[in-house]
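[1] give me the fold of what follows.
(chains A and B)
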Amino acid sequence: MSLRYTRRKFAALAAAAPLAAQSVPQTPQTAPAPPPDPELQEALATVRSVSKHLSRIEVPMALEPAFSFHAARG
Amino acid sequence: MPREAEPRAKLDQASLPFATIPELNVALRNREISSAELTKYFGRRLEKSGPVYNALACSTLKTAHRAAKQADYDLKRGRFRGPLQGIPYGAKDLLAFAKYPTTWGAKPFAHQVFDFNARAIDRLQDAQSILIGKLSMIELAGGGGYSLASASLQGPCLNPWNRAYWAGGSSSGPGAAVAAGLVPFALGSETSGSIMTPACYCGLSGLRPTYGLVSRQGAMALSWTLDKIGVLAHTAEDCGLVLHAIAGGDDNDPGSAHKSFYYTPQYERKMSDLHIGYAEIDFSEWPDEPLRPAFRNALRIIRSIGSHMVETKLPDYPYGTVIGAVIDSEGASAFEPLIRSGKVDELADKSQIAGLKASLTYSALDYLKAMRVRRQIQDAFAEMFEQIDLLIAPTHFSPPELASVPFPTDTPNRPGKKGVGAGLVPAANLCGLPGLSIPCGFVNGLPIGLQIISRPFLENTILAFARAFQNRSDFHKRHPAV
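    The predicted model follows:
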C-alpha cells in the first residue's frame, strides 16, 4: 500500500473527517453534571466584584501603571 | 537618647535560646561558646521542638556543622566577618537552599529541589551565618487567599505563646521558631502582611524592607511587584544587623533597587526632631475592646519618646481591592502551569484552590487599572510623608486567630471613622514602603504589635524609633515558657 498522499486524497480525507466524526454513535450522557463548586463560585464572584469596583474608579489618561518599561535591559 | 545597654557577656541556659545577635556575637568573640556548639544547641532544639509547633520544614543541620566549624576556624584566627558570624538562623521554605527540598509549603512542590541558593541565603553565608533549617509557611505564601491555619504542608503553625492559637502567616515557621527560641533569627517574606502578621502574633520584631532592597533571586514568586524578603528577630537592633547583611543590588532580580543598606545606629536622628503620624482612634476605639488598654499604654510609651505627634489620616483609596487585583493577576500568571495542570487541587485549602482558579479570569484591563490606581496611591503617600517622618498604628486590631477552626469571616464592629491603621498593611505594601512590627503589649498572655512605617529606604529611622520604644519597654524581652 502506497503511503504517498496526493492533494486530492488529502482534500477527500479532510472533507470526510467531520462526517466520520458525526457518524460515531454518541453515547447517551447518563452521568449527572458535577455540582457547582461553591468555593469557586464565590471566588469568581469576588473577581467580578473587584473588576466592577475598579471600573468605577476614574483615572487620567496620562497616568501610567506602577511599573515601567525600559528599552535597554540591565 | 540612651543607647542600648552593652550586651551581656555570659549567657546561661535560660537566656541562651532568646539571646540577641549582639549577645551571641560577644559570646562567640570572647570564646565563651563556639559556633559549632551554638549550631548543635539550636539545631537540636529546632529538630526536637520545631515539629511541636509545625514550624520545621526541613533540618539543614548536616551542612550547618561544616559551616560552623569554618566560622570557628576564622573566629579563632581573628578573621571577623561581622556580627552574624557563627550565628545560626532559619529561613522560610520559600527560599532555595541547594540540594535540600524547597517546597513553598505546598504538596505539589513537596519534592522540589534546586541546585542553587537564594541570594539572601548566599549573603548570609558570606557573613558566615549558619542556616540550620528551612521553616514552614502557608502554601504558596497564601496566593489565592486562604481561610485555614492548616493551609500548609506541615499543618497549622502553632503560636509558642499559646498553642491553641495560630502563629500568623505566611511566614509562620519563622515567627514560631524565633519566638520559641529555636533559632536566633529567621528570614521571611512579605507580599502583603506575611512578615508583619507573624511578628505581631508571636511577639517579635519583624522587618519588611523597602521593595527592591533585598534580592528575591531564588525565592518563590507570588507577585513580582510586591514580594519582599525580610527578617524576624527578637529586637529591632537584630533586624537592622540582618538587613545590613542581606540588602544589596542584584542584576538577577529585575525589581532590585541596586541600593545597599548600612545599619548606622551611631548616626540616628534625634527623636525630638521626628514627626510621627498617628491617629488616636487607632489606639482607643479601633482595637477589639480587650486590647484597648494595652494599646493606650503603648501610646503613652510612644509619647514619652518625645517626638512630635501629628494626628494623621490615611488617604482614602480601596487598598484591599487594588492589592487583591495585583496579587491575583500576577499570581495567576506565576502559577498558571500549576492551575491549568490541575495539580492546584492538591493544595490543602479549598478557598485557596478556588481563588487561584478564579484568578485566571482577571482581565488585563483590571490589572492595568489596579496598577494605575497604585501609582495614585504612591503619590498620595509621598505627599503625606512630606509632613511626617514615620507613621505608626497597631499592626492588628484583633488577637491571633485560633489554629483549629477556619478564620472568622464576619466583619468586626469598628468605628465608621478611619484613622491610619485600617488598610495600612496593604497600602504600605502597594507603595513598597518599609515597615517594622514590634511587640507593644500583652493581652490574655498573647502579644500585640505596633507597626512603624516610613518613606522608602528610611529603615534606619524606623529602627531608631523602635529602639527608643524598646529601651522604654520590656515587651521584646518577654518569652513564652517553652
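[2] contacts, neighbours, all on C-alpha from now
    Fine.
[3] show me what counts as buried in stretch B:294-310.
    Of the residues in stretch B:294-310, B:294-296, B:298-299, B:301-302, B:305, B:307-310 count as buried by neighbour count, 16 or more other Cα atoms under 10 Å in any protein chain shown.
[4] so what's the residue count around the closest residue to chain B within chain A?
    With Cα to the nearest Cα, the shortest gap between chain A and chain B falls at A:Pro65, namely 4.0 Å. The local packing of A:Pro65 (other Cα atoms under 10 Å in any protein chain shown) involves 16 other residues.
[5] again with B:Cys157
    As a burial measure, B:Cys157 scores 35 neighbours (other Cα under 10 Å).
[6] list the residues that contact the residue nearest to it when sequence neighbours are not counted.
    Spatial nearest neighbour of B:Cys157, excluding adjacent residues (Cα to Cα, 6 or more residues apart in numbering or on different chains): B:Asn54 at 4.9 Å. Applying Cα atoms under 8 Å, 6 or more residues apart in numbering or on different chains, we find B:Asn54 in contact with B:136, B:154-158, B:173.
[7] could those go into a markdown table alongside secondary structure?
    A markdown table is the format used below for these (DSSP: H, G, I helix; E, B strand; the rest coil):
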| residue | secondary structure |
| --- | --- |
| B:Ser136 | coil |
| B:Gln154 | coil |
| B:Gly155 | coil |
| B:Pro156 | coil |
| B:Cys157 | coil |
| B:Leu158 | strand |
| B:Gly173 | helix |
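[8] please pick the buried ones from those.
    Buried among these by 16+ other Cα under 10 Å: B:136, B:154-158, B:173.
[9] spell out which parts of the stretch 351-482 of chain B neighbour chain A.
    Counting by Cα under 8 Å from any Cα of the partner chain, the stretch 351-482 of chain B comes close to chain A at B:351, B:354-355, B:357-359, B:361-362, B:366, B:368-375.
[10] now the buried members of those residues.
    Buried subset of those (neighbour count, 16+ other Cα under 10 Å): B:351, B:354-355, B:357-359, B:362, B:366, B:368-375.
[11] among these, name the ones in helices.
    Mapping these onto helices (DSSP state H) picks out B:351, B:354-355, B:357-359, B:366, B:368-375.
[12] list the contacts of the closest residue to B:Ala106 other than its chain neighbours.
    In space, and not counting its chain neighbours, B:Ala106 is closest to B:Glu139: 4.6 Å by Cα to Cα, 6+ apart. For B:Glu139, the contacting residues are B:104-106, B:151-153, B:170, B:347-348, by Cα under 8 Å, 6+ apart.
[13] closest to B:Pro265 among these?
    Minimum distance to B:Pro265 across those is 29.9 Å, recorded for B:Ser170 (Cα to Cα).
[14] got the confidence number for the closest one?
    B:Ser170 is assigned a predicted lDDT (pLDDT) of 98.
[15] thinking again about what came up before, look up how far chain A lies from the residue nearest to B:Ala106.
    B:Glu139 sits 18 Å away from chain A, going by Cα to the nearest Cα, to the nearest Å.
[16] again with B:Ile281
    Distance from B:Ile281 to chain A, by Cα to the nearest Cα: 28 Å.
[17] B:Leu95 now?
    For B:Leu95, the distance to chain A - Cα to the nearest Cα - is 24 Å.
[18] what's the nearest residue to that residue if we skip its chain neighbours?
    Leaving aside its chain neighbours, B:Leu95 sits nearest to B:Ala219 (4.5 Å; criterion: Cα to Cα, 6+ apart).
[19] list the contacts of the closest residue to the residue of chain A closest to chain B other than its chain neighbours.
    Closest residue to A:Pro65 in three dimensions, ignoring its sequence neighbours and counting by Cα to Cα, 6+ apart: B:Arg372, at 4.0 Å. B:Arg372 makes contact with A:59, A:63-66 under the criterion Cα under 8 Å, 6+ apart.
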